[in-house]
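Asker: Structure for this input, please:
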Amino acid sequence: MKTQRLTVLEKIGFGAGDAAVNVVWSSLALVITFFYTDVYKLNVAHIGLLQLIPRLIDAFADVAMGMYTDSHTTRWGRYRPYLLVFAIPFGISVMLVFTTPDLSYTGKLVWAYLTYTVMMLIFTAVTIPYISLPAVLTADTMERLSANGYRLFFAKVAALLVTVFVPAFAARWPKDEIAKGYQVAMGMMAVMATLLFLFCFFTTTERVQYKTERKPLGEQLKLLLRNDQWLILAAVCIIGTIGYVMRGSVALHYAKYYLRGSELEFLTSGSASDVLDFLKFGREMRLLPAFMLVGLIGNILAMVASTWITKRFCKIRLFRWSQVGTFLLSLLMYYVIVAGNTSRGNILAALALYFLINFVVDLQGPVFWSIISEAVDYGRIKLGKRVTGMAFGAISWCQKVGMSLAAGMVGWLLTYFKYVPDKVYQPEVQSDAFTLNGLALLLTVIPGVFHLIVGLLMLKYFITDKYYNEKIRELVTQESPGDAQTTASD
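Answerer: Below is the predicted model of the structure:
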């Protein structure tokens with residue numbers, strides 16, 4: 001009997017794919033800037049362009065990959081084969097990025113550009129098909145939402161491993177070998193990602209098969225640009241990614257310098273130790289990985305909470321207000337920790353507020369990735385033609401553009417705020433106070449403004465569950481034979 005329901009194993013397998021994706025995504029959003037500034041020792045002024053140019057190049061590869069997958073299919077399906085083919089190259093490319101050869105500064109910069117660009121291109125080759133999978137796994141909107149809940153939960157678990165385990169593991173190496181520590185740690189993450197992609201390939205099934213149509217690039221772009229609801233999601237993706245990546249990119253810098261994470265350990269933090277003992281790695285736990293840990297715990301819990309909330313509350317309203325709430329919490333954190341002259345030793349306040357920001361901001365996660373398919377269906381009904389691969393590829397392009405712009409902005413703003421790696425900043429020194437305040441702004445208020453804009457933009461998005469079920473779903477399932485069909489059974 002044909003069914004649109006997904007098994008738990010299939011949802012786990014689908015989630016495993018995003019865990020693999022997040023080995024790169026999390027390293028780009030939360031680790032790579034710190035790695036390049038404080039470990040690889042690249043000039044801060046060069047990092048903006050280093051993270052901007054390769055990502056912009058790769059962003060256009062997203063569009064090409066989306067077009068290709070839209071017009072080609074195999075006996076294994078339209079999207080799954082790429083998970084198998086590119087799993088090993090993906091892992092190798094990640095290891096190379098975090099390899100630090102002993103070269104001249106120019107050689108190091110060339111190596112960074114080359115490995116970063118190659119990694120991003122392979123990242124595109126495997127992730128564009130992956131993020132397109134929900135459209136063919138099932139036509140049931142609640143099953144898509146549920147699958148994306150699994151997906152983002154596993155994504156945050158992977159992010160937890162990358163942004164907590166990697167710095168903590170590297171910190172155990174001698175100071176002059178910390179680069180080797182990062183290489184080994186990320187090598188372990190790369191092997192894990194390869195295995196997870198293979199697991200995703202073998203445990204998922206493409207139920208919905210659409211007729212292969214070779215549409216010219218101009219026609220596909222025209223169709224997307226006429227889909228007003230997809231355009232809103234594209235803008236939301238760019239702007240929201242800027243805020244998310246900007247905050248994540250400076251989190252380690254903030255913990256290291258503003259909160260003096262390089263000097264404080266939880267086991268010697270007085271009254272905070274009883275509350276935070278559960279965060280220990282072995283016998284000691286430094287603030288850098290701990291700060292990242294509480295944020296990621298917030299992200300993970302948001303995935304669980306979002307799935308529960310959307311069963312009882314409109315998912316589009318949740319999307320809107322979670323972003324507005326992120327802005328308000330960002331203002332609160334800046335005021336309490338900085339403008340309120342709270343002692344920089346008040347680690348608990350910083351951890352609590354950072355946890356709340358990360359919890360609230362990610363309540364929209366499962367919602368966003370599930371409603372892209374609904375916007376595609378809306379375009380199919382409105383315009384008479386379906387553009388699936390291109391729609392997902394272009395969303396990934398928007399995500400890469402947002403990441404690129406955020407990386408460039410972070411690099412330039414760190415330069416503006418006179419950031420110097422490994423300098424012990426003192427708040428009583430005027431120039432150092434300027435840098436510390438800049439790090440605080442980059443973590444809170446500045447990214448918060450981007451999330452506020454996202455919340456306001458989502459006021460224009462009207463495809464709620466009620467709208468979709470009443471005006472789109474039935475028409476989509478009644479598409480003419482040969483245009484779309486459901487296959488396979490559980």
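
Asker: Okay, buried residues for the host helix or strand of Val184 please.
Answerer: For Val184, the host element (DSSP states H and E) is helix 178-203. By 16 or more other C-beta atoms under 10 Å, the buried positions in helix 178-203 come out as 178-179, 181-194, 196-201, 203. Placement of C-beta: from N, CA and C, glycine included.

Asker: neighbours of Glu470, just the number please.
Answerer: For Glu470, the neighbour count with other C-beta atoms under 10 Å is 10.

Asker: Which residues in the helix or strand harbouring Val24 does the neighbour count mark as buried?
Answerer: Applying DSSP H and E as the criterion places Val24 in helix 8-26. Buried positions in helix 8-26, judged by neighbour count with 16+ other C-beta under 10 Å: 10-26.

Asker: ok, residues contacting it?
Answerer: Residues outside helix 8-26 that contact it (C-beta atoms under 8 Å, 6 or more residues apart in numbering) are 6, 83, 87, 90, 94, 119, 123, 126-127, 130, 133-134, 137, 146-147, 150-159, 162-163, 189-190, 192-194, 196-197, 199-200, 202-205.

Asker: Can you name the element that comes right after that helix?
Answerer: Later in the chain than helix 8-26, the nearest helix or strand by DSSP H and E is helix 32-34.

Asker: For that next one, the averaged confidence score.
Answerer: Mean pLDDT, helix 32-34: 80.

Asker: what's the spacing between Leu441 and Val336?
Answerer: Spatial separation of Leu441 from Val336 under the definition C-beta to C-beta, to the nearest Å is 14 Å.

Asker: correction: Val85
Answerer: Val85 is 50 Å from Val336, by C-beta to C-beta.

Asker: Also Ser322?
Answerer: Note on Ser322: its distance to Val336, by C-beta to C-beta, is 21 Å.

Asker: Can you name the residues that contact Thr203?
Answerer: Counted by C-beta under 8 Å, 6+ apart, Thr203 has contacts 9-10, 12-14, 16.

Asker: Can you tell me which of these lies closest to Gly379?
Answerer: Phe14 (23.7 Å; C-beta to C-beta).

Asker: the helices in the stretch 201-350 of the chain, which residues?
Answerer: With DSSP state H, counting those that start in this stretch as the criterion, the stretch 201-350 of the chain has helices at 217-225, 228-249, 251-253, 272-276, 287-309, 315-334, 347-361.

Asker: Which of the helices and strands in the chain ranks last by mean pLDDT?
Answerer: helix 272-276 (a mean of 41; mean pLDDT, DSSP states H and E).

Asker: The helices of the stretch 201-350 of the chain: which one's closest to Leu383?
Answerer: helix 217-225 (5.6 Å).

Asker: Sort out which residues of that closest one are buried, please.
Answerer: The neighbour-count check on helix 217-225 (16+ other C-beta under 10 Å) flags 220-221, 223-224 as buried.

Asker: Number of residues surrounding Tyr468?
Answerer: 18.
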